[in-house]
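Engineer: Sequence and predicted structure are below.
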Amino acid sequence: MNLHTTGLIIRREYLNKVKKKSFLITTFVVPILMAALCVVPILLMATSKDKAKRIAVVDQSGIVMSFLDSTETIVYEDFGTFAADTLKKHMRDMGFDAVLSISPLDVKEKSVIADLTSIKPLGMTTAESINHRVDKALEAYRIDSYEIPGLEQIIKDVKGGVKFNTYTMDEEGKETISESGVISIMSMIFGLLIFLFITLFGGMVMTAVIEEKSSRVVEVLISSVKATELMFGKIIGVALVALTQFVLWIVLTAALVAGATAFLPKDMVGQLTGTAAASQMADPEALAQMAGVDASQIAGIDALSLVAASDSTAVAGEEMGEVAVVLQTLQNAPIAKFVILFLIFFILGYMLYASLYAAIGSAVESEGDSQQLQMPVTIPLMIAYFIALYTFNAPDSAIAFWGSMIPFTSPIVMLARLPFGVPDWQLAVSLVLLVATFCVCAWLSAKIYKVGILMFGKKSTFKDLWKWLKLK
Amino acid sequence: MILEIKDVCKSFGEKVALDHINLEIPEGQIFGLLGPNGAGKTTLIRIINRITIPSQGEVIFNGRPITQRDVEKIGYMPEERGLYRKMKVGDQAMYLAQLKGLSEAQAMAELKKWFKRFEIQNWWDKKIEELSKGMAQKVQFITTVVHKPKLLILDEPFSGFDPVNADLIRKEILRLKEEGATIILSTHNMESVEELCDSIALINQSKLVITGRVEDIRRKYGNNNVELVYTDEDGRHTEIVSVEKDTNTTLKEILDRGVTVNSYRELMPRMNDIFIKLVKGEE
């Protein structure tokens, strides 16, 4: 292979793609979307906080009202035992968002019925927060009803220490805190991203090959360079485009998030830095303490916004603990290892599929004609994607294991398995198989490519491709 | 001999594209490569360019078997040609020139010269898709010759040009020949073969039918006819006379008639007729 000419081909391919408008657009739009995904939920919380919900309370039980402390987001107003129906009728005029009506205490069941009526839906967090307080009130009432002195303290003591943390243990016995929800989401994101990137950039190689063939520039080129140099120059050029795009995406997203944070209201920033502080605490016990048995409502609400941003399944009331665990899980994840493995598997998976895409591109003169020939390439990719989706539910299943070993599915499935922890030997075997398959496929593709790019005026079929393979 | 084709065969599966071709192309000539469509011309050209590897035989360039490095000394304009439509003319010409082994500075200097000669300096920053087909062909021609190839292979070079530009290209080809380049011209345009080529080879159905100097071939396939213009008492006449023995005898016979000879010209068959005769004769 002539390094000088291959270098020229790579450079042209790279510059040509990078200078394109579509490259610039995707490079800038994607980070904006990603940053928006991170920032918008927090911003929404920040703006919704300005308008605290006003709730009129009719407490016929007489035990709940004292537990309803107004916060920044929810303001309770006591209406004694005023007729709830009348209040509901005039709620809008009086400027209330909702009416909370507590039934008289059912002494036998030691319970009340709470009805929350609002004009517009209040949203999960508000409803859950109110529910939580009513529960608290009842809890306190029931504890009192036993008339055991100090019972409240006893229950607090009994309940307080329990914080359930899940850990994963590696071979050296080092424990790391982990939250399976976060890991599943990471798995899904990895699988989806690598699938998208391989399809996107592999397809880019095919388009570039078709462009050269349909514009008839190809024969001019291969009178100067070898067909294999042209093919690999193209594949490597597009790979560099992909890497450039990754780096720009990461840098721009980080910059945008940082920039957006700077514009947030002060308390929001405080909240974010607080989060950072929380994530710096490596000791899970300290985190559990911080999560607090008796999480104050304000802290609870604040943390909720973060939970909403990262994991919507978090349960109100234990928000701080959840956030801490999510952050801790993310922090404990070997991010550097993930990024490196992601790049290695992406590059190899891309090279494998790009060489196949190049062979297909060489056989057709327009993208429309490529549909049928693309099938054998798109099908394994789709299968790999479905296995990856299955993997995030069952990371240790046989199908996930074999999917992450077989080269045509391994880049995608292995990435989906990665957050759950994969033994090094499996990574090594998978990589060796992938490299070997790439070499074989690249060799076969080059054979098809060499013949294909010079075939004009006829729609090629699999039979033709097979014939070209056998040509010397 | 700048180029020798020695016993070259090429088959694609069952199909034989070239069948024991032997050719010698002398340096400094314009060499016509003729043949009907599908005869194997393009395959032969691709073998010379090392795009296709022959099944048998070899190509000798400057006395040695041709290597990939020698390809830099060849300029090739394929019949199926084109340029990147969305790339700027200048960038594209620079790219192709550098692929042919020119340094960036050399490429720039040579290209500037050619763009000036063709009076297309203001196209440098235009995209190919903004140019007409004829304009793009001019750029294509420049990219073929910019690296001063010793051997120039032009496959149907005049297609796509209007008569004015075709004439420009014709003149450039002759100028390059003057400067010492050897040119292989593959074309169906027999007029340009007569006008430009020193020697030809005719390939039909994968086989070499004839090769040699154009003059010799035309003479060989001539009927030994001459065109005679003479004047007698009735006035001026033109007559086709068949030379049966030799020219002197024929002239003597004519002069014996007592006429005044105005002109006596050997009649050569058209290349077109020879082409048709040879190709039809094969079938």
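Structural biologist: Yep, it's here. Residues are numbered from 1 along each chain as shown, chains lettered A, B, ... in the order given.

Engineer: Where does pLDDT dip in the stretch 301-450 of chain A?
Structural biologist: A:301-333 (pLDDT under 70).

Engineer: Enumerate the residues of it near chain B.
Structural biologist: Residues of the stretch 301-450 of chain A lying close to chain B by CB under 8 Å from any CB of the partner chain: none are found. For the C-beta atoms, the positions are set from N, CA and C on the backbone; glycine is no exception.

Engineer: can you count the residues close to residue 30?
Structural biologist: Here I'm looking at chain A. Around A:V30 there are 15 other residues, counting by other CB atoms under 10 Å in any protein chain shown.

Engineer: Switch to chain B, please.
Structural biologist: 24.

Engineer: now the one 4 residues further on
Structural biologist: Residues within reach of B:L34, counting by other CB under 10 Å, total 26.

Engineer: try B:D125
Structural biologist: 10.

Engineer: what phi and what psi does the backbone show at the closest residue to it other than its chain neighbours?
Structural biologist: Leaving aside its sequence neighbours, B:D125 sits nearest to B:K88 (CB to CB, 6 or more residues apart in numbering or on different chains; 5.6 Å). When read as degrees, to the nearest 10, the backbone of B:K88 gives phi -70, psi 150.

Engineer: Could you give the bridge partners of B:K88?
Structural biologist: B:K127 (DSSP bridges).

Engineer: correct me, but it touches B:K126?
Structural biologist: Yes: look at B:K88 against B:K126 with CB atoms under 8 Å: they come within range, at 6.7 Å.

Engineer: So which residues of the stretch 51-200 of chain B form helices?
Structural biologist: Along the stretch 51-200 of chain B, the stretches classed as helices by DSSP state H, counting those that start in this stretch are B:89-99, B:104-117, B:133-145, B:163-178, B:190-196.

Engineer: Tell me the buried residues in stretch A:448-465?
Structural biologist: A:I448, A:Y449, A:K450, A:V451, A:G452, A:I453, A:L454, A:M455, A:S460, A:D464, A:L465 (16 or more other CB atoms under 10 Å in any protein chain shown).

Engineer: want to try a markdown table for those, with secondary structure and distance to B:Y221 as columns?
Structural biologist: As requested, those are exported to a markdown table (DSSP: H, G, I helix; E, B strand; the rest coil; distance: CB to CB, whole Å):
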| residue | secondary structure | distance to B:Y221 |
| --- | --- | --- |
| A:I448 | helix | 45 |
| A:Y449 | helix | 44 |
| A:K450 | helix | 40 |
| A:V451 | helix | 39 |
| A:G452 | helix | 41 |
| A:I453 | coil | 40 |
| A:L454 | coil | 35 |
| A:M455 | coil | 37 |
| A:S460 | coil | 42 |
| A:D464 | helix | 41 |
| A:L465 | helix | 45 |
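
Engineer: The residue of the stretch 151-300 of chain A at minimum distance from chain B: what secondary structure?
Structural biologist: As assessed by CB to the nearest CB, chain B sits closest to A:R216 within the stretch 151-300 of chain A, at 3.2 Å. Three-state call for A:R216 (DSSP: H, G, I helix; E, B strand; the rest coil): coil.

Engineer: From B:S159, how far out is the closest residue to it other than its chain neighbours?
Structural biologist: Nearest non-adjacent residue to A:R216, counting by CB to CB, 6+ apart: B:G82, 3.2 Å away. Per CB to CB, to the nearest Å, B:G82 is found 13 Å from B:S159.

Engineer: So for those two, which sits in the more crowded spot?
Structural biologist: Comparing B:G82 with B:S159 by neighbour count (other CB under 10 Å), the higher total belongs to B:G82, at 20 against 14.

Engineer: How about the contacts made by the more buried one?
Structural biologist: Listed by CB atoms under 8 Å, 6 or more residues apart in numbering or on different chains, the contact partners of B:G82 are A:S215, A:R216, A:V217, A:V220, B:A136, B:Q140.

Engineer: Output the residue ranges of the strands in the stretch 1-150 of chain B, listed in chain order.
Structural biologist: With DSSP state E, counting those that start in this stretch, the ranges of strands along the stretch 1-150 of chain B come out as B:3-12, B:15-25, B:30-34, B:56-61, B:64-65, B:74-77.

Engineer: hang on, the earlier thing: so who does the residue of the stretch 151-300 of chain A closest to chain B touch?
Structural biologist: If a contact means CB under 8 Å, 6+ apart, then A:R216 has A:F456, B:P78, B:E80, B:R81, B:G82 as its contacts.

Engineer: Quick check, the third one in contact with A:I453.
Structural biologist: I take that to be B:E80. No: in this structure, B:E80 is not within contact of A:I453 by CB under 8 Å, at 10.4 Å.

Engineer: which of the buried residues of stretch A:448-465 lies closest to chain B?
Structural biologist: Taking CB to the nearest CB as the measure, chain B lies nearest A:L454 of the buried residues of stretch A:448-465, at 7.3 Å.

Engineer: Backbone dihedrals for the closest one, both of them.
Structural biologist: Per degrees, to the nearest 10, the backbone of A:L454 is at phi -100, psi 10.

Engineer: could you redo the strands of the stretch 1-150 of chain B as a markdown table and give each row mean pLDDT and distance to A:Y357?
Structural biologist: What follows is the strands of the stretch 1-150 of chain B, written out as a markdown table (pLDDT from 0 to 100; distance: least, CB to CB, whole Å):
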| stretch | mean pLDDT | distance to A:Y357 |
| --- | --- | --- |
| strand B:3-12 | 92 | 25 |
| strand B:15-25 | 92 | 29 |
| strand B:30-34 | 93 | 36 |
| strand B:56-61 | 93 | 34 |
| strand B:64-65 | 92 | 36 |
| strand B:74-77 | 93 | 28 |
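
Engineer: For chain A, which of the ones you listed is the nearest?
Structural biologist: Nearest of the strands of the stretch 1-150 of chain B to chain A, taken as CB to the nearest CB: strand B:74-77 at 4.0 Å.

Engineer: Let me have the strands of the stretch 1-150 of chain B in CSV, adding distance to A:T5 as columns.
Structural biologist: Output for the strands of the stretch 1-150 of chain B, formatted as CSV (distance: least, CB to CB, whole Å):
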stretch, distance to A:T5
strand B:3-12, 23
strand B:15-25, 26
strand B:30-34, 27
strand B:56-61, 19
strand B:64-65, 21
strand B:74-77, 15
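
Engineer: No more questions from me, cheers.
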